[in-house]
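Q: Give the three-dimensional model of this entry:
(chains A, B and C)
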Amino acid sequence: MGRYLIRRLLLAAPVVVGILLITFLIKAAVPTDAVTAMYQGQMSEKDAAQAIAALRAKFHLDLPWYQQLMIYGRDLLHGDLGESIRLRRPVVDEIGFRYVNTLILTGVALAIALVVGVTTGVIAAAKRNTWLDVTATTVALFGISMPAFFFGLLLILVVSVWLRLLPVVPHGPIAILLPALSLGLIEAAPISRVTRTSMIDVLRRDYIRAARARGAGELSLILRHGLPNALLVVLTVVGLQIGNLLGGAFIIETIFSWHGIGELAVNSIKWRDFTLTQAIILVSALSYLFINLAVDVLYAWLDPRVEIQA
Amino acid sequence: MLTRRRLLISSLAAAGAAAGPLPIAARAAAPGSANIRIEIDPEGLYNVQSISLIVSNVLGGYLLERLVYLDEKGEPKPWLADSWQTSDDGKVITFKLKPGKTFHDATPFNAEAVKLLFDTILDPNSASPSKGIIGPLEKVDAVDDMTVRFTFSKPFAPFLGLLGQSFFGFNSPTAVKAAGSAYARHPVGTGPFMFKSWTPGTEIVLVRNPNFKQFRPDAANQGLPHLESVTLRVMTEEGVVASALQTGELDIAPLTADAMKPFDGDAEYVIITDKHAKNLMFMEFDYKKAPFSDRKFREAISYAIDRAGVLQAAFGGDGAIALGPLSRGIPGYDDAIAKDDGTPYDPAKAKEILDSLGWVSKDGGTRSKDGVPAHFTVRSYADGTTERALAVIQANLAAVGIQVDIGTADWGSFYPALLKPDWDMDLNRWTWSDPSVMSQLFRSPGHRQLLPPNAAIDSALDAADGELDFKKRMQDVSDAQKAILEDRLILPILTDWPITVTRKVVEGYRLDYLGYTYAGDLKIAAD
Amino acid sequence: MSAALDEAPEFEAESRLAQFAARFLANRSAAFGGLVLLVLIVCAALAPLIAPHDPLAINPIMRLRPPSAEHWFGTDEVGRDLFSRIVYGCRYFLLICLVAAAISASFGTLLGLIAGAGSSLADGLIMRLMDVMLAFPYILLVLVVVAILGPSLWTGMIAVGVAGIPGYARVVRAAVLTVRREDYVEGARVLGASRAQIMFGTVLPNVLSPLIVYLSFATPLAALLASALSFVGLGAQPPAPEWGAMLVNSRTYLFSAWWAVAAPGTALFFAIFGLNLLGNGLRDVLDPQS
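A: Next up is the predicted model:
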């Protein structure tokens, strides 16, 4: 296991370097930067020019891209993510709490997705081809087809405005309910389908038939054999989807004013505040790689146990 | 309709109260505090670093005070300054300060504080955007504890009017020095409210300044602020804001004209329109390119635009159409010139001019001249209002036989791209409180380097910027407006009036000439 | 007996297409999904005949009116008829699906083929490149495309297309690796076919089935992604009646004019739902085990 981990970490290194390279190349290609965006049009051209020059020197924006990359790399190794150009404060201060917020949202949404998805998938598989199954599959299909932000807007309309169940701008722990529901219910759809398919697949196998013939109850079969296998496949799907959840949540974050990293990513591009963007790219990429690794390790760890059981 | 829902909520609440704490209880404000909406989270609350609208509103209305304020007519009046004197050559202004003012951290407000602010702004290391605004200022000296002397390289007429802006509000020197780069997260001023806390992206909490002395005679409340605290809540989504007002989660909220509709005519709410608004939405041209280098062509396009239609589509009719290059809220706006030399909506005239210039259409379709079709681009920044305005403009121009393509991009892409020659017309908007905005835009070569030199305009603008006598300056400003308008350098369209909706229980909400709130006057009547 | 043997293959080949068509129509998902696609195509092709109003005609006085006899779905924020805009929007939807899928599928398949059938160096390089593309946050990739190329429908579609490449590459590569070991591939190599000939002549046709299956559910996903582009200023520019742009721009009116939000949102939903049904049906028909 140790050697496997080390090998994976080594493989991840060039990916990170590749990402940084692309980031700085892109930065060189984008025609404007934060300073220009902030000051041009706010005052006369001559004065804007002088304010811009001062800030650009401070943030090394005049240097060629590879030099900027080197400086950034060097600072990174010292643990310094730089300062936001627009906010004039350390990037860590801004990204820190937002990353935690996004993790919380992703976590709760995933929990909802798993609970709803696995349960409906199991029921659909157990009651195959009955109306329960058809309903569950259709609803799952609905979920895959629904644009997340449309669903979020509908939820606000129905829950906050028509039914008045929640304040429009909730405070405290309850604020996570609607955004997590929006994300979670939609993510539940693919999980439900995959659970159903793999359950059906397992329940068809010979050793299950044999156990059934020996008199084992359907429920115990589902729980002891079907579920663990299904969960393995779900794990893979979740691993693939987590990238979506982390990155694609930006719309949900904006609609519900959930101050996470997605919202900041969009804003950082609008403001051309590249120090922020660079840090977000780095954090997102590292999270993605870490999650991939975790899923693979989890899978490898779980897999032999299932085989033994069978 | 609203009352029935309130009944539903109260009965639900009553039913639920037995079941335990109800997380859905609407957060109505206690009589001593107000919840006020702000559109975006400020980037930082240090006026030296930031002159954006949101920072200006927060600092200017609640936290910082300035040397002068502008009265109903836009004339500077003493506020923290007691009086001022200008030297004969117009290059030195000396201010005497009113005694007895202290900062929120109990340190005294004096000439040193004034000097520190302007020194910081003038210091190139601060990279302050305000530096360019007070261009000719050379140095500031604290003659004694209550006297400050400003020295300019040449007479600078806009200065006194600009002093009323929040950019020139005063920060406690002790606090600035102690906090260093973290000052923007914890401002210390002299205003009616003090900074208490800031949850990034969510809300800023301000509390009453217990030692506040009101030096501004035009404030209705001359004592301590009525409110104990004010919470500025960051809400970017317009649709959500209207609902929050209805549930009582907000007391005061700036809104767009569309979002405001449900409250119009409802006695539970008061709608306040800022008719002093100093913005102007306008179109410009790439003056170096044919056919826009031709004054007559620009004039034809000016006649083709239905300004009232644009106002209706973009702002729901809340505002006034503009025919002159200054907005009505700016001192020096000359209505006579706008009426005489402006181009009201007249598509027949537009067609006539286009015909006379040789732009003809064969079958009532797009015009062309010498084989070149009238097919142009209009650029703008991406915003709901510009997009709706452009929809109308596109239709108006199509009606006179000119086809335009629309392109919008976010401001960071749009504005710098205007320096490149690949656009024909743009839709732009400025907000400024002084006539010197015309100098920024139109003194050749113009803010986008595209204007041909025009002696009439340049000399009028120079005169206006250097004339310290208020009445004489207004005359120069009129001359400048006439010259700019006659040359059709700008296609003025409209000024929109920002709307604020308050719940009925809010009293004392009004805006001064520059658009700042009289925060000390705010009061919530007990229900 | 030999006569029967000789006849049998011909009989098989002829009715394979017929068999496919029969199974396709019998499958409820596929049939319904196909119907939705048909409606979309008809609306797109015959839009000028179906739409009662000009989708671009503005009318500032009639803005944000609720559904009525004159305007079946109501009007939007500049007074345009929503029903007409929805009908014309079918064109944009189909175009986006086609272009994005074409870009993803073509480049992705090519890369997957090379990675699977080529040298292990090529495999390693390509897969690392795909890893980098997948690790890069999608939204930032899209936004940067806007910042560099400027916002337009085409740059949006290209961005979505490019983002979809790694998925196709992985699927094709996996399929190629499975097929590679089959006997007929060995046979072709023994017979002297070049690498390229093997790749395109032998491997590709056998990779088609999983590829089509992947295409069937990746395309609706791409459509979903594309619909969100307008949220960040990409995608169709005003006044184009693209459903995603309409949905995003009308969200301010969620509480005052909900029909402006409901119309494009529901249209998007139904179209994507139809595509998903179609994909389901295709999967059942082509690959019953999965």
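
Q: Spit out the contact partners of the residue positioned nearest the centre of chain B.
A: Note on chain B: the residue nearest the mean C-alpha position is residue B:431, at 4.2 Å, using Cα atoms, centre = their mean. Neighbouring residues of residue B:431 by Cβ atoms under 8 Å, 6 or more residues apart in numbering or on different chains: B:53, B:278-279. C-betas here are computed from N, CA, C, even on glycine.

Q: Point out where the stretch 151-300 of chain A drops to low pLDDT.
A: A:243-248 (pLDDT under 70).

Q: Residue A:215 belongs to a strand?
A: No - Residue A:215 is assigned coil when assessed by DSSP: H, G, I helix; E, B strand; the rest coil, not a strand.

Q: Now for it, how many residues are close by?
A: Neighbour count of residue A:215, defined by other Cβ atoms under 10 Å in any protein chain shown: 6.

Q: circling back: most surrounded residue in the contacts of residue B:431?
A: Busiest of the contacts of residue B:431 [other Cβ under 10 Å] is residue B:278, holding 23 neighbours.

Q: Could I get the full set of helices for the stretch 1-150 of chain A?
A: Taking DSSP state H, counting those that start in this stretch to define them, one finds helices in the stretch 1-150 of chain A at A:2-29, A:34-39, A:45-58, A:65-77, A:91-126, A:131-145, A:148-155.

Q: Out of these, the one nearest chain B is which?
A: Chain B lies closest, by Cβ to the nearest Cβ, to one member of the helices of the stretch 1-150 of chain A: helix A:45-58, at 2.0 Å.

Q: separation between the residue of chain A positioned farthest from its centre and residue C:178?
A: Within chain A, residue A:214 marks the point farthest from the mean C-alpha position, 44.8 Å out by Cα atoms, centre = their mean. The gap separating residue A:214 from residue C:178 is 36 Å, by Cβ to Cβ, to the nearest Å.

Q: Residue B:358 and residue B:370 touch, don't they?
A: Yes - using Cβ atoms under 8 Å, residue B:358 is in contact with residue B:370, at 7.4 Å.

Q: so the residue in chain B that chain A sits nearest to, which of the three states?
A: Closest contact between chain B and chain A, by Cβ to the nearest Cβ, is at residue B:132 (2.0 Å). Following three-state DSSP, residue B:132 is assigned to helix.

Q: I'd like to know which of the contacts of residue B:431 are part of helices.
A: With helices taken from DSSP state H, the overlap with these comprises residue B:53.

Q: export the contacts of residue B:431 to CSV and tack on pLDDT and distance to chain A?
A: Shown next, in CSV, are those (pLDDT from 0 to 100; distance: Cβ to the nearest Cβ, whole Å):
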residue, pLDDT, distance to chain A
B:53, 86, 10
B:278, 89, 15
B:279, 90, 13
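
Q: Now the contacts of residue B:431 in TSV, please, with extra columns for distance to residue A:114.
A: TSV is the format used below for the contacts of residue B:431 (distance: Cβ to Cβ, whole Å):
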residue	distance to residue A:114
B:53	45
B:278	55
B:279	51
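
Q: Let me know the closest of the contacts of residue B:431 to residue A:296.
A: Within these, distances to residue A:296 taken as Cβ to Cβ reach their minimum at residue B:53, with 49.6 Å.

Q: So what pairs up with the spatially closest residue to the closest one that is not a sequence neighbour in the strands?
A: Nearest non-adjacent residue to residue B:53, counting by Cβ to Cβ, 6 or more residues apart in numbering or on different chains: residue B:431, 7.0 Å away. In this entry, residue B:431 is beta-bridged to residue B:279, by DSSP bridges.
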